[in-house]
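Novice: quick one, structure for this:
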Amino acid sequence: MICQNAYPRAPGAKEYVHIRVQQRNGKKCLTTVQGLKKDFSYEKILKDLKKEFCCNGNVVQDKELGKIIQLQGDQRKNVLQFLIQARIVKKEQIKIHGHLYTALRNKGIKTFIDDGLKRGEEISRALSKAINESRMSVIVFSESYAESPWCLDELVEILGCRESKRQMVRPVFYKVKPSDVRHLRGTFGKALAQHELYFEHDFMIVRRWGAALSEAANLSGWPFKDQNESRFIKRIVKEIADQLSNSKLSLDEIRDPLVVTATEVIPRPPPNIVLKETWSRPAEGYLKINYDGAYTVRKGGLGVVARDTKGRFVAAKCRLVNVELEDDVVAMAALEALCLAKELGWPRVCFEGDSVRVVNALQTSTASDDSDTSSFSSFSSSSSSSSSSSSFGQIISEIQYMSRSFQQSTFSVIHQKANAIAENLATHGLSNPEDKHWLAKPPTFLEYSLRIEKSTSYC
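Specialist: Numbers count the residues shown, from 1 in each chain. Model prediction:
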């Protein structure tokens, strides 16, 4: 679900431009830029970034957070250099987030980012649920950590789980002294002083925050000084993985103003399975529909594209949906693919996506079904069994029910490169509030990609 995080400015906080990486599904990610001055032309900056770094992107308008620039791929270093060289913002005003987040994903740990809090709002239901279901929490203290009331609320929640559920908690002291956190000195003391002024009618909440900071700073953790950050992060990830062995892992990272919660190990195909990197045409008599989802700030974009046995474009759809969790988006895209197939009236359909978890969940939940009715790719699953009670599980059940209306239907996992057109549609849907539906004639922005895939595809 990627992922973008933009808390409103806390009392006493400085103005920063935040560059973040948002993981979507598999190895896909988005880079987001939030906090640029309103008088800048976001569209011109986006155009220059796309041209400079040869990537796709768009500008997303959020009613609470304002304009946010999104770029495909991890472009954090590129964006940093661009903003400084173009004199759009000074280096000391830029904050880059997501290094630990990315390392955890690369290790096979799926992350959840909560980034839609509004001023005065309590911890989101999704984040609170993730914290309570976690086995370990890692709190990353940075210089500006205590400026965010929401980070402090989440800290109180995490320490409450430590006491009531014996949850493991480990702090990371990123360029701050543990003693400053423990004794509320330096930036931590100044931030709490600002909170006391702002929350003068509810001073007890500030006291709870101070007690939580002191308690967390007394725990065994990882202090970061002037050292190689890459090695430091690898050490943290290795120790976490070793500590929790190969069991299901849940992790919270709080690094102002970033909150990351990893809720499970990412299901991956066995090493002997090689995913196709090029799109292939369906067998004679079949329709092939590729699906994908994009996620940001509790919103999702769904993209599906249908092609026939000769590789010809049949139809495509994309739309914007409100969604709480990133995992639900791709499942919703798969459901949208079935709806498109029913609208087109094809009895035999191949559905393809690059989400292993969706196909795993479908196969696990239909192990007792008649294989002549519908067949699924044979990947083993270690995590989909817990999804049955969630919204993800409900979507999977609806997909299974709809699949029975086809003479034959198959779900398979492909490489993300072979799913690029569906990904582009999902990204397009994320930035357009109106539903889009194309029949027979594809949208202009897909014509070149469709022509290339048709010419290089095989049956």
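Novice: show me the helices in the stretch 351-459 of the chain, by range?
Specialist: Using DSSP state H, counting those that start in this stretch, the helices of the stretch 351-459 of the chain run over 356-365, 391-403, 420-430, 444-456.
Novice: I'd like those helices as JSON lines, with mean neighbour count appended.
Specialist: Heads up, the C-betas are built off the backbone N, CA and C, glycines and all. Shown next, in JSON lines, are the helices of the stretch 351-459 of the chain (neighbours: other C-beta atoms under 10 Å):
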{"stretch": "helix 356-365", "mean neighbour count": "24"}
{"stretch": "helix 391-403", "mean neighbour count": "18"}
{"stretch": "helix 420-430", "mean neighbour count": "25"}
{"stretch": "helix 444-456", "mean neighbour count": "13"}
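Novice: any chance of these in TSV, plus distance to residue 143 and mean pLDDT?
Specialist: Shown next, in TSV, are those (distance: least, C-beta to C-beta, whole Å; pLDDT from 0 to 100):
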stretch	distance to residue 143	mean pLDDT
helix 356-365	37	79
helix 391-403	37	89
helix 420-430	33	90
helix 444-456	43	88
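Novice: now the helix ranked longest in the chain - C-alpha only, CSV.
Specialist: Of all the elements of type helix in the chain, the one with the most residues (DSSP state H) is helix 326-344. Taking Å, rounded to 0.1, in the frame of the first residue of the first chain, the C-alpha atoms of helix 326-344 are listed here in CSV:
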residue,chain,number,x,y,z
GLU,A,326,-3.3,-1.0,1.0
ASP,A,327,-3.8,-4.8,0.8
ASP,A,328,-7.4,-4.3,0.0
VAL,A,329,-6.7,-2.3,-3.1
VAL,A,330,-5.2,-5.1,-5.3
ALA,A,331,-8.0,-7.5,-4.2
MET,A,332,-10.6,-4.8,-5.2
ALA,A,333,-8.8,-4.5,-8.6
ALA,A,334,-9.1,-8.3,-9.0
LEU,A,335,-12.8,-8.1,-8.2
GLU,A,336,-13.1,-5.2,-10.7
ALA,A,337,-11.5,-7.5,-13.4
LEU,A,338,-14.2,-10.1,-12.8
CYS,A,339,-16.9,-7.4,-13.1
LEU,A,340,-15.4,-6.3,-16.4
ALA,A,341,-15.4,-9.9,-17.7
LYS,A,342,-19.1,-10.3,-16.8
GLU,A,343,-19.9,-7.0,-18.5
LEU,A,344,-18.2,-8.2,-21.7
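Novice: and it, how far from the chain's centre?
Specialist: Offset of helix 326-344 from its chain centre (C-alpha atoms, centre = their mean, to the nearest Å): 19 Å.
Novice: make CSV out of the helices of the stretch 351-459 of the chain and add distance to residue 192.
Specialist: Formatted as CSV, the helices of the stretch 351-459 of the chain follow (distance: least, C-beta to C-beta, whole Å):
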stretch, distance to residue 192
helix 356-365, 41
helix 391-403, 38
helix 420-430, 38
helix 444-456, 50
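Novice: which one of these lies closest to residue 280?
Specialist: helix 444-456 (9.4 Å; C-beta to C-beta).
Novice: now for that closest one, which elements pack on it?
Specialist: strand 299-307, helix 420-430 (3 or more C-beta pairs under 8 Å, 6 or more residues apart in numbering; DSSP states H and E).
Novice: for the closest residue in space to residue 399 that isn't next to it in sequence, give me its contacts.
Specialist: Among residues not flanking residue 399 along the chain, residue 335 sits closest, at 5.3 Å (C-beta to C-beta, 6 or more residues apart in numbering). Applying C-beta atoms under 8 Å, 6 or more residues apart in numbering, one finds that residue 335 lies in contact with 395, 398-399, 402.
Novice: repeat the analysis, applying 6 Å as the threshold.
Specialist: 395, 398-399 (C-beta atoms under 6 Å, 6 or more residues apart in numbering).
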